[in-house]
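Sequence first, predicted model second:
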Amino acid sequence: MLNIPKHTLIHDVTTRWNSSYDMLERYLEQQAAVYSALTEKALKKNKDITTLSDQDVRMAEEVIEVLKPLKTLTTLMSTQATPSVSMILPLKTTVLNSMEPNEEDSPTVREVKAAIRENLEDRYSACHDFLHKCTALDPRFKALSHVDDACRDRIYNSLITEIVTMEEQSEEATGTTAVSSSPGRGHPEASESSPPVKKSAMAELFGELFKTQVGNKSSLQLVKEEVTSYTLHFTGFQPTCMVEDQ
């Protein structure tokens, strides 16, 4: 008769994400049914029963709008279909921006926004560098539009330095292995019995091509070019590489 979905009311549970949002949303959906039930003749005799005022309902609607970004965020972070660690800082920035107060906010909405901002602002501060790198390495967020230019350059320069260090360590390890396994060095018996190192299919197919392209460029130069190519593709952003050639 009321032409609303037949849903039960939801209780707020402190250990369950979004339960406050779901409780308010469900009450607003079932508001007519709740009011109709509470005003039945059999219940009117009980003077302790009260209903929400129009002001209370309006406040619930405002709070729902404030909590909606958190509902979307937690739903997105709970999915197992896509990687989520790279989304943490962009989503955090989005939520903090949505919690900025404005002149139209009621006192209650301002209090709710302030409480959410205070709770979120210092979260993940201990692992910001790691999360920034994860975000930069995700093609969906590689433009790093949630940070300023200085921070963006710092993130990519840090990645460049880390990649170069890994490349140099890999080259040193490969060089050491080649020396220790070369004829006339180390233990002859061990070198004779050791099988030759097999090249990967990629190395066999494109090894000479890679050598021709690389030329005499340093690892740092190569990494810079790769990072620049990565950031320019689809984004138009080009990092200002502050790392100097060694």
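Okay, I see it. Residues are numbered from 1 along each chain as shown.

just so I have it, where are all the helices in this protein?
Under the criterion DSSP state H, the chain carries helices at the ranges 19-29, 31-38, 41-44, 54-77, 88-98, 107-120, 128-136, 149-180, 188-193, 201-214, 219-232.

how much does the fourth one deviate in direction from helix 88-98?
Read it as helix 54-77. Orientation check (axes from the mean of the first three to the mean of the last three Cα atoms, to 10 degrees): helix 54-77 against helix 88-98 gives 160 degrees.

before we move on, back to that, between the helices of the chain, which one is closest to residue 9.
helix 19-29 (5.8 Å; Cβ to Cβ). For the C-beta atoms, the positions are set from N, CA and C on the backbone; glycine is no exception.

Low-confidence ranges, this structure, go.
When the per-residue scores of the chain are filtered using pLDDT under 70, the ranges that remain are 1, 43-47, 80, 174-216, 233-246.

Domain map for it?
For the chain, automatic domain parsing gives the domain ranges 19-123, 135-232.

Now do the same contact list for residue 163.
Residues touching residue 163, when contacts are defined by Cβ atoms under 8 Å, 6 or more residues apart in numbering, comprise 223, 227.

and with 7 Å instead?
The neighbourhood of residue 163, defined by Cβ atoms under 7 Å, 6 or more residues apart in numbering, consists of residue 223.

One more: residue 11?
By Cβ under 7 Å, 6+ apart, the contact list for residue 11 reads residue 23.

that older thread, make a markdown table out of the domains of the chain and add distance to residue 129.
A markdown table is the format used below for the domains of the chain (distance: least, Cβ to Cβ, whole Å):
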| stretch | distance to residue 129 |
| --- | --- |
| domain 19-123 | 11 |
| domain 135-232 | 7 |
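
Buried residues of stretch 69-80, list them for me.
Residues of stretch 69-80 classed as buried under the neighbour-count rule (16 or more other Cβ atoms under 10 Å) are 69, 70, 71, 73.

I am assuming the third one contacts residue 19, so please confirm or correct that.
Right, the one you point to is residue 71. No. Taking Cβ atoms under 7 Å as the definition, residue 71 is not a contact partner of residue 19, at 10.6 Å.

Count the residues that sit near residue 102.
The tally of other residues near residue 102 (other Cβ atoms under 10 Å) stands at 8.

wait, residue 160
Residue 160, neighbours per other Cβ under 10 Å, totals 20.

One more: residue 169?
Residue 169 has 10 neighbouring residues, counting by other Cβ under 10 Å.

now do residue 8
Under the criterion other Cβ under 10 Å, the count of neighbours that residue 8 has is 7.

Tell me the spacing between the residue lying closest to it once chain neighbours are set aside and residue 16.
Leaving out its chain neighbours, the residue that sits closest to residue 8 by Cβ to Cβ, 6 or more residues apart in numbering is residue 26, at 8.0 Å. Distance, residue 26 to residue 16, by Cβ to Cβ, to the nearest Å: 14 Å.
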